[in-house]
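Asks: what shape does this take:
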Amino acid sequence: MAEQAIFKHAQARNERIKLDTLRRIRFVQPARPGETLSINIFREEAGEEILFSFKATNKEDIVCSGVIIAKKIENK
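Replies: All right, here's what the predicted structure looks like:
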């Protein structure tokens, strides 16, 4: 879910990125079939890396959170 949102965001910015690392991924509680999940993603650039912090929630409850690190792919 987070991966799809990150790639969609990069495409909207005309960026090519490669997901590189997962950090601090926490599954706090299970998500059950039929539940609607929302995802909030915050982007921060750190040198050549792009950090995407995310939280997946079910109503007000956090289901999963973590950081995905991406690298820009230079156009040639």
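Asks: tell me the contacts of the spatially most central residue of the chain?
Replies: Taking Cα atoms, centre = their mean, the centroid of the chain lies closest to residue 2, which sits 3.9 Å from it. By Cβ atoms under 8 Å, 6 or more residues apart in numbering, residue 2 lies in contact with 39, 41, 52, 54, 56, 66, 68. In short, each C-beta sits where N, CA and C put it, glycine included.
Asks: buried subset of those as a PyMOL selection?
Replies: Those of the contacts of residue 2 that count as buried under 16 or more other Cβ atoms under 10 Å are selected in PyMOL with:
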select buried, resi 52+54+56+66+68
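Asks: can you list the low-confidence ranges for this structure?
Replies: Applying pLDDT under 70 to the chain flags the ranges 75-76.
Asks: all helices of it, in order?
Replies: In the chain, the segments counted as helices under DSSP state H are 2-12.
Asks: all strands for this protein, in order.
Replies: For the chain, the strands defined by DSSP state E occupy 17-27, 38-46, 49-58, 61-72.
Asks: pull the number of nearby residues for residue 19.
Replies: By the criterion of other Cβ atoms under 10 Å, residue 19 has 16 neighbours.
Asks: what separates it from residue 48, distance-wise?
Replies: Using Cβ to Cβ, to the nearest Å, residue 19 is found at 14 Å from residue 48.
Asks: wait, which of the strands of the chain is closest to residue 9?
Replies: Residue 9 sits nearest to strand 38-46 of all these, at 7.1 Å, using Cβ to Cβ.
Asks: other SSEs contacting that closest one?
Replies: helix 2-12, strand 49-58 (3 or more Cβ pairs under 8 Å, 6 or more residues apart in numbering; DSSP states H and E).
Asks: indicate which one of these is closest to residue 73.
Replies: Per Cβ to Cβ, nearest to residue 73 of the helices and strands packed on strand 38-46: helix 2-12, 9.6 Å.
Asks: what angle separates that closest one from strand 61-72?
Replies: Angle of helix 2-12 versus strand 61-72, following axes from the mean of the first three to the mean of the last three Cα atoms, to 10 degrees, is 50 degrees.
Asks: 48 is where my numbering starts, stick with that
Replies: With the count now opening at 48, the last piece we talked about shows up as helix 49-59.
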